[in-house]
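> I'd like to go over a predicted model; first the sequence, then the structure.
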Amino acid sequence: MRKKTQLIHGGITGDEQTGAVNVPIYQVSTYKQDAVGKHKGFEYSRTGNPTRHALEELIKDVEGGERGFAFGSGMAAITSIFMMFSANDHVIMTDDVYGGTYRVVSKVLNRFNIEVTFVDTSSVDEIEKAIKPNTKAIYIETPTNPLLKITDLKAVSTLAKQRNLLFIVDNTFSTPYWQNPIKFGADIVLHSATKYLGGHSDVVAGLVVVNSEELGNELHFIQNSAGGILGPQDAYLLIRGIKTLGIRMEEIEANSIKIANYLDEHSGVSKVFYPGLPDHPGFDVHTNQATGYGGMISFDVGSAEKADEVLDRVKYFTLAESLGAVESLISVPAKMTHASIPKERREELGITDGLIRISVGLEDAEDLIEDLEAGLKS
């Protein structure tokens, strides 16, 4: 089954009892049992709900894993994955991760003595140097947020297996339409499904796919115990969003390539970060492990003042946190998505005050370029 077909026909489709072509919204908390412990597969909606189950089966099929899970947010998904670890365990993590991820591991999970070391995971050597006797996992984003750095999935997977480590991949930016990390050896793949998978700025959710029944049983135990589940209404919206993921990603990428090339030639832009540009440091690696380059572009205009000018002048790019929607969004990571990272750390990473991140949408590319031109005008 090819990808666009799988997005529509994967998982559980329709409703056998009524013939409905869509999975119904099962707005229910509990289920009748024929006898104690004898039920039709569902007993309590924290443990399992038919609408959520349909979504979990769909993302499992689309990512090519063994079992899928739907959480109330991307952060709930990440936190639940980290609950698989114990006090004094150590995790190696990509250095320029999403600010919310940095915040939860550095200010919340550290209270439980879960140790994290941030490294440039585009270098396998740097990852290997960071491995300690108590290291349990390697956690990466590729492409990263917001610098679009690329990590070699196959190379890191090989290292993880050699050292008996879990390999966890945040696949939010690429989506399962362009990239399937389990195919390259990842053990766990996660998404902020709020972004491209939902695609319409109307749902907050997190999705996880694991590559084994053992990991599936462990994560389900945590999901059921901690209760960070996705409700049936939002699960329904996500199923609907995933059905159009393929055509949205293709159109978004077509727009993004035009805009990246425009920015790359603009005198007011000092640097462009987009994995689809041939001079991007990770271009070859990304091309070998993904079938597309996505819709996220970051570019540096030199100063916070200039960035503010751009934000004030654009009209089609909406100033907002988040990404991956049908409308184009614009943000300044240093002040918004990555504000929770200390300034000195941001500067070390290259997340400058003049760095602008855009999430390209489905508007006409020429309108978006004209909008940026107005914003960048001296």
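On my side now, so go ahead.
> from memory residue 327 sits against residue 363, does it?
Yes: Residue 327 lies in contact with residue 363 (C-beta atoms under 8 Å); the separation is 7.3 Å. Placement of C-beta: from N, CA and C, glycine included.
> Show me how the chain divides into domains.
Using automatic domain parsing, the domain parsing of the chain gives 3-243, 246-376.
> okay if I get the ones you listed as TSV plus mean neighbour count and mean pLDDT?
Output for these, formatted as TSV (neighbours: other C-beta atoms under 10 Å; pLDDT from 0 to 100):
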stretch	mean neighbour count	mean pLDDT
domain 3-243	19	97
domain 246-376	19	96
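> Phi and psi next, for residue 300.
Dihedral angles of residue 300 (phi, psi; degrees, to the nearest 10) stand at phi -100, psi 130.
> start the count at 22, not 1, going forward
I'll keep to 22 as the first residue from here, and by that count the last item is residue 321.
> Follow the chain on from the helix or strand containing residue 257 and name the next helix or strand.
Assigned by DSSP states H and E, residue 257 falls within helix 253-264. Later in the chain than helix 253-264, the nearest helix or strand by DSSP H and E is helix 266-285.
> Just the CA atoms of stretch 49-59, as CSV, please.
Provided in CSV are the C-alpha atoms of stretch 49-59 (Å, rounded to 0.1, in the frame of the first residue of the first chain):
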residue,chain,number,x,y,z
VAL,A,49,-18.1,7.4,26.5
SER,A,50,-16.2,6.8,29.8
THR,A,51,-17.1,3.2,30.6
TYR,A,52,-18.4,0.0,28.9
LYS,A,53,-20.9,-2.7,29.8
GLN,A,54,-19.4,-6.0,30.7
ASP,A,55,-21.2,-9.4,30.2
ALA,A,56,-19.5,-10.7,33.3
VAL,A,57,-16.6,-9.7,35.5
GLY,A,58,-13.6,-9.3,33.3
LYS,A,59,-15.6,-10.3,30.2
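> follow-up on the earlier one: packing partners for the helix holding residue 257?
helix 24-30, helix 71-84 (3 or more C-beta pairs under 8 Å, 6 or more residues apart in numbering; DSSP states H and E).
> so which of those helices comes closest to residue 104?
helix 71-84 (18.1 Å; C-beta to C-beta).
> how about the CA coordinates for that closest one, as PDB?
Written as PDB, here are the backbone C-alpha positions of helix 71-84 (Å, rounded to 0.1, in the frame of the first residue of the first chain):
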ATOM      1  CA  PRO A  71     -12.500   2.900  20.200                       C
ATOM      2  CA  THR A  72     -11.900   6.300  18.600                       C
ATOM      3  CA  ARG A  73      -8.500   6.700  20.200                       C
ATOM      4  CA  HIS A  74      -7.700   3.100  19.300                       C
ATOM      5  CA  ALA A  75      -8.500   3.700  15.600                       C
ATOM      6  CA  LEU A  76      -6.100   6.700  15.600                       C
ATOM      7  CA  GLU A  77      -3.400   4.600  17.400                       C
ATOM      8  CA  GLU A  78      -3.800   1.800  14.800                       C
ATOM      9  CA  LEU A  79      -3.500   4.400  12.000                       C
ATOM     10  CA  ILE A  80      -0.300   6.000  13.200                       C
ATOM     11  CA  LYS A  81       1.100   2.500  13.900                       C
ATOM     12  CA  ASP A  82       0.600   1.500  10.300                       C
ATOM     13  CA  VAL A  83       1.800   4.800   8.800                       C
ATOM     14  CA  GLU A  84       5.000   4.800  10.800                       C
END
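> Name the nearest residue to residue 237, ignoring sequence neighbours.
Nearest non-adjacent residue to residue 237, counting by C-beta to C-beta, 6 or more residues apart in numbering: residue 88, 3.4 Å away.
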